[in-house]
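Novice: Give me coordinates for this.
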Amino acid sequence: MKLLPQQKIAAFVIGAVILVFITLIGLLHENDIQDFQVVQSPTGRIEVISQGGYYLRLFPKIWTYPKVETVYFSNEMDESKDNDGIKVRFANKGEGDISTQVVYRLYNDNERILKMHEYIAGSKDRVEELLLAKLKDIIMEKASNITSSQAIEERETLANEIRKEYVNNAELLANGIKVEQFSITQISFDNTTTALFEAQQKADLQKKTAEAEKQNLIMQKERTEAEYAQKIAASKGAAEVEMMKQVTDAERQKKLAEIEAQKKVAIEQLAKEEALVKASKLLELAEIDKKTEAEKLEVIKLQASQKVESAKAKQQEIQLSGAITETEKYKLEIERDTKVGIAKAIADGVSKMTLPKTLILGSSQDNGSSPIETFFQLMNVKKAEELNNTTP
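Specialist: From the prediction side, this is the model:
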């Protein structure tokens, strides 16, 4: 069956498209940014592709490697299914498994990449085998120098010792494998060592419990002592406050007593001063009354003296006249008149005299006499005169 010209053209076009598609498949390739590729052309030329994206190469052979990879060498199922934790024997003959995490880098300079590629032949498992072999050597050597207890108690110290020799290990670097990070994720022990740990843990727990109880007793003792000291301080403080209150009350009572005493003294002083003023006024009044009565008595004495002088004159006149009988007569009359005059003068004087409310009797040191004393003195004078006149 012959093809029509149109059919031949169509078949040619389809064949050309298929050829172009196959050619594009052989030319167009892709690399992810987290990976790098070792690319070998049909002529044997090798190059490293590290950039992400598409590139054109004609039917090359390509090996893809991760730039950085994390791997677990562990007996923990959630970390590794290979159960490839590293078995070790410690210095005390205890046995155990150490599970680890390793971060490594394959992308370095081209020379090391090509050397790594030649060494592992494009197998990622081969890389992990190299990493695990070197790690076993280092961990087993470090674990043999410590006891099981030290592996637990000084875990980070052990990890640091391993890290110093494993990270940037020169042997691995020479093969293009660079270890960047290392850490211990778990340390497990055999049944015998675990039983010893449990016994030790129990003993430690008992010891810690005893220490905790001891500390609790110490704390209770300290708390009791603190409470006792606080109560003593409170009692002492209350006693001091009460003593201060009593002292304050005593001082206040003392002050009030002093004020009351001063008040009484002031009142007595005032009363004394009032009494002195009153006595002084009474004395002044008595002196005035004394002077007044003395003046009145002088008047009475003058009047009486005038009467006496008048009687004496009349008597002398009679005597000079020579009438003896008349002399006797007048003598009687004069005596009578004198007595009457004196009595009248005294009566008039006494009736007009105002006696003082306060009577002050004179003494030998007084300058004057009272009216009564003056009266008696006058009576004595009169009596003396009568005696003189009756003398023959």
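
Novice: what number of residues lie near Glu171?
Specialist: Neighbour count for Glu171, taken as other Cβ atoms under 10 Å: 10. Heads up, the C-betas are built off the backbone N, CA and C, glycines and all.

Novice: Make sure it is indeed in a helix.
Specialist: Yes: applying DSSP: H, G, I helix; E, B strand; the rest coil, one finds Glu171 inside a helix.

Novice: Can you list the helices and strands that the helix or strand containing Ala261 packs against?
Specialist: Per DSSP states H and E, Ala261 falls inside helix 191-321. Using 3 or more Cβ pairs under 8 Å, 6 or more residues apart in numbering; DSSP states H and E, the elements in contact with helix 191-321 are strand 95-105, helix 148-153, helix 324-352, helix 371-390.

Novice: which of those has the lowest average pLDDT?
Specialist: Mean pLDDT is lowest for helix 371-390 out of the helices and strands packed on helix 191-321, coming in at a mean of 56.

Novice: For Ala261, give its distance to Lys255.
Specialist: Between Ala261 and Lys255 the distance, using Cβ to Cβ, to the nearest Å, works out to 11 Å.

Novice: Let me see the mean pLDDT of stretch 242-262.
Specialist: Per-residue scores along stretch 242-262 average to 82.

Novice: what's the answer for stretch 161-180, then?
Specialist: 94.

Novice: how long is that stretch end to end?
Specialist: 15 Å (Cα to Cα, to the nearest Å).

Novice: which parts of it are buried?
Specialist: In terms of neighbour count (16 or more other Cβ atoms under 10 Å), stretch 161-180 has its buried residues at 161-163, 165-167, 169, 172, 175-179.

Novice: Greatest separation within these: which pair is it?
Specialist: Largest separation among these by Cβ to Cβ: Glu161 and Gly176, giving 25.5 Å.

Novice: Quick one, grab the pLDDT at Thr43.
Specialist: For Thr43, pLDDT reads 87.

Novice: now for the host helix or strand of Ile187, which elements pack on it?
Specialist: Using DSSP H and E, the element containing Ile187 is strand 178-189. Packing partners of strand 178-189 (3+ Cβ pairs under 8 Å, 6+ apart): strand 95-105, helix 148-153, helix 155-166.

Novice: could you redo the last one with a cut-off of 10 Å?
Specialist: strand 68-73, strand 95-105, helix 124-143, helix 148-153, helix 155-166, helix 170-174, helix 191-321 (3 or more Cβ pairs under 10 Å, 6 or more residues apart in numbering; DSSP states H and E).

Novice: Quick check: which of those is nearest to Met116?
Specialist: Nearest to Met116, of the helices and strands packed on strand 178-189 and by Cβ to Cβ, is helix 124-143 at 7.8 Å.

Novice: buried stuff in that closest one?
Specialist: 127-128, 130-132, 134-136, 138-139, 142-143.

Novice: With only the CA atoms kept, save stretch 300-318 in CSV.
Specialist: This file holds the C-alpha atoms of stretch 300-318, laid out as CSV (Å, rounded to 0.1, in the frame of the first residue of the first chain):
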residue,chain,number,x,y,z
ILE,A,300,-10.1,115.9,175.7
LYS,A,301,-6.9,116.3,177.7
LEU,A,302,-6.6,120.0,176.6
GLN,A,303,-10.2,120.6,177.6
ALA,A,304,-9.7,119.0,181.0
SER,A,305,-6.5,120.9,181.5
GLN,A,306,-8.3,124.1,180.8
LYS,A,307,-10.9,123.3,183.3
VAL,A,308,-8.2,122.5,185.9
GLU,A,309,-6.3,125.7,185.2
SER,A,310,-9.6,127.7,185.5
ALA,A,311,-10.4,126.1,188.8
LYS,A,312,-6.8,126.7,190.1
ALA,A,313,-7.0,130.3,189.1
LYS,A,314,-10.3,130.8,190.8
GLN,A,315,-8.9,129.1,193.9
GLN,A,316,-5.8,131.3,193.9
GLU,A,317,-8.0,134.4,193.6
ILE,A,318,-9.9,133.4,196.6
